[in-house]
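>>> please find the sequence and the predicted model below.
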Amino acid sequence: MAKQTKKQKALVSKLGDNQKLYAVDEAIALLKDLKSAKFDESLEVSLNLGVDPRHADQMVRGMVVLPSGTGKDVKVAVFARGDKAEAALAAGADKVGAEDLLEDMQNGNLDYGRVIATPDMMGIVGRLGKVLGPKGLMPNPKLGTVTPNVAEAVKAAKGGQIEFRVEKAGIIHGGIGKLSFSDEALRANFDAFVDAIVKAKPSGAKGKYLRKVGLSSSMGPGLKIDVAQVHGG
């Protein structure tokens, strides 16, 4: 067995029982206290849900605005023409276009966190299904990324709106800010994220919906949260 470093030993002594259930505020404070990386680590939340997303009526997907923002600069591409294109640029979009943007993406330029389109552009965007689909970037009316109001969608993407989507095993992961944020800002983001998942409970979900909650940082340990203390738990 590999020898533990001083840092790892200190971590083990601070954490003690790895089966312990933490209150949300306690976990946030502890992860900030244990911060070891030189960069500004992200705070990640994971939720185990009582759903099987292979069934359409048990899919959990949507958007949520994190009130304290994400701490990341999200690059946004918009498919629009004319006035809508100008409005998207004015709202802060990084790239706006039509056939030219299609060609650019087909050539592999896909360094975006969000792709938005006006409804009339979906004929063009549809040709990028095989490229955007696997990256989770395909514009979708249900998520508000196919919309006539592209300026509002751009502002939301830049202002802390993130997408959530349940994975095969019934787990949802999300980055809810940076460890440099205040404890209160991180707690507000945590509550908003969990609240959105609870509200998105699908009709086919049976039994207990919110089963396990975990918090971790980019380089830190994963802490189990006491679900009974979480909204909707």
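Looks like it came in fine.
>>> tell me which residue is most central in the protein.
Compute the mean C-alpha point of the chain, and by C-alpha atoms, centre = their mean the closest residue is G174, 4.0 Å away.
>>> wasn't that residue part of a strand?
Yes. Under DSSP: H, G, I helix; E, B strand; the rest coil, G174 sits within a strand.
>>> list the contacts for it?
Residues near G174 by C-beta atoms under 8 Å, 6 or more residues apart in numbering: E44, V45, S46, I162, F164, F193. Bear in mind the C-beta positions are built from the backbone N, C-alpha and C, glycine included.
>>> and those residues, which two are the farthest apart?
Greatest spatial distance in the contacts of G174: S46 and I162, 14.2 Å, computed using C-beta to C-beta.
>>> who has more neighbours, these two?
Neighbour count, other C-beta atoms under 10 Å: between S46 and I162, I162 has more, with 24 against 16.
>>> so what strands line up beside the helix or strand harbouring that one?
Here I162 sits within strand 161-165, counting by DSSP states H and E. Strand pairing for strand 161-165, determined by DSSP bridges: strand 61-65 (antiparallel).
>>> after the partner strand comes which helix or strand?
Counting by DSSP H and E, the next helix or strand C-terminal to strand 61-65 is strand 76-79.
>>> and that following strand, what other elements does it pack with?
Helices and strands touching strand 76-79, by 3 or more C-beta pairs under 8 Å, 6 or more residues apart in numbering; DSSP states H and E, are strand 95-97, helix 99-106, strand 114-117, helix 150-158.
>>> let's go with 7 Å and repeat that
For strand 76-79, the packing partners by 3 or more C-beta pairs under 7 Å, 6 or more residues apart in numbering; DSSP states H and E come out as strand 95-97, strand 114-117, helix 150-158.
>>> perfect, that will be all.
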